[in-house]
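S.K.: compute the structure for the input listed below.
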Amino acid sequence: MSKVNLPHTTVIALSDFEDEELLAIKPTRTRGEYCWTCTPSTILYCIKKFGLDNCTYIDSDIYFYDDPGHLIREMGDKEILLTLHRYTPRYDETHISGKFCVQFMTFKNKPESLAALNWWRNACIDWCYNRVEDGKFGDQKYLDDWETRFNNVHVLQNPAGGVAPWNVQQYGVETKGEEAFVTLEEKKHRLNFYHFHGLRFLSDNKLSLCEYSLPARAVELLYVPYIELYLQNYAKLKQLDNNLDVWLPAANNLETFKKNTLNFLKGKYNIYRINKFVKAWPK
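M.R.: Next up, the predicted model:
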């Protein structure tokens, strides 16, 4: 990332914010679990190190179609901004994955917000795994009771923030030029961000969009241009660092066949050749 030299960007290495408590539990977590464990620590580090008035955490697989400031301003004088999963009923996993999604969260440099971050950090250091256990799951399920555990919590109301594979079935999707719009309950909103959760690039020149049933309009108007842009930027980054690799091994074993067959029967099979989305691939 340092080679890209992006404006308005400060690259922070793991070693910059890892402390004794994080390093002590690091061997007990998988790579993904350790990323989840570090979420509150990275936010705290940025607020303290750079003296920020506020800090917004965003997942790396989010794409913004509009100014995220519209969402942050909605919290007004509150100190913490959370976003709901807003599940489509048939995908409701509140009891497993939680009510709120760690995808777009804002914390102000104020006492209640910092108290919540420190509580969350300690909880994640104590337990943060990719499994369900005693009402916990990763870093996310800890947020379920924050509306009562902490004061000054605002839950994002704008339904155009946090559109994702688990809720896009409720939305109408359309575009006008470079702008994207979503319609929910007969009310149209300019789409703010979409969470491309589960998008995977496979080593056999295929990709998996996710394991949810996606509306055709969402695939056509959101996924196709995003994948084209993603691969364009991947090609540029590859010129800077030939070791860059986003491709996951394409498994062809019996278990994968069973899983794909089951997803196909459930209407959740979303594995395609990349040429379906980018005609000139591979370059």
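S.K.: low-confidence stretches in the stretch 151-283 of the chain?
M.R.: For the stretch 151-283 of the chain, applying pLDDT under 70 flags the ranges 281-283.
S.K.: ramachandran coordinates for the most centrally placed residue in the chain?
M.R.: Per Cα atoms, centre = their mean, the C-alpha nearest to the average position across the chain is that of Asp59, at 3.8 Å. Taking degrees, to the nearest 10, you get phi -70, psi 150 for the backbone angles of Asp59.
S.K.: just use 44 as the starting number from now, easier for me
M.R.: Got it, first residue is 44 now, which makes that one Asp102.
S.K.: which non-adjacent residue is nearest it?
M.R.: Here the nearest residue to Asp102 in space, its sequence neighbours aside, is Gln146; by Cβ to Cβ, 6 or more residues apart in numbering that works out to 4.6 Å. All C-beta spots, glycine's among them, are computed from the backbone N, C-alpha and C.
S.K.: tally of neighbours for that neighbour?
M.R.: Neighbour count for Gln146, taken as other Cβ atoms under 10 Å: 20.
S.K.: please report how far it lies from Asn152.
M.R.: Gln146 is 21 Å from Asn152, where distance means Cβ to Cβ, to the nearest Å.
S.K.: hang on, the residue nearest to Asp102 packs against Thr126?
M.R.: Yes - contact criterion Cβ atoms under 8 Å: Gln146 and Thr126 qualify, at 6.1 Å.
S.K.: who touches both of these two?
M.R.: Common neighbours of Gln146 and Thr126, using Cβ atoms under 8 Å, 6 or more residues apart in numbering, are Gly205.
S.K.: sorry, back to before: contacts only, for the residue nearest to Asp102.
M.R.: Applying Cβ under 8 Å, 6+ apart to Gln146 gives the contacts Ile101, Asp102, Ile105, Thr126, Gly205, Ala207, His238.
S.K.: among these, which ones are in strands?
M.R.: Mapping the contacts of Gln146 onto strands (DSSP state E) picks out Ile101, Ile105, Gly205, His238.
S.K.: returning to what we had before: from the contacts of Gln146, pick the one nearest Glu190.
M.R.: Thr126 (12.9 Å; Cβ to Cβ).
S.K.: can I assume that closest one is in contact with Thr149?
M.R.: No - the pair formed by Thr126 and Thr149 falls short of the contact definition of Cβ under 8 Å, at 9.6 Å.
S.K.: who are the contact partners of the closest residue in space to Asp104 that isn't next to it in sequence?
M.R.: In this structure, Asp104 finds its nearest non-sequential neighbour in Phe239, 4.6 Å apart by Cβ to Cβ, 6+ apart. Listed by Cβ under 8 Å, 6+ apart, the contact set of Phe239 reads Asp104, Ile105, Tyr106, Pro208, Cys253, Tyr266, Tyr269.
S.K.: which of those sits closest to Lys309?
M.R.: Checking those against Lys309 with Cβ to Cβ, the nearest one is Cys253 at 12.8 Å.
S.K.: any idea how far the residue nearest to Asp104 is from Lys322?
M.R.: Distance of Phe239 to Lys322, computed by Cβ to Cβ: 21 Å.
S.K.: cool, Lys179 as well?
M.R.: Remark: distance between Lys179 and Lys322 (Cβ to Cβ) = 45 Å.
S.K.: equivalent analysis for Glu155, please.
M.R.: Glu155 is 52 Å from Lys322, where distance means Cβ to Cβ.
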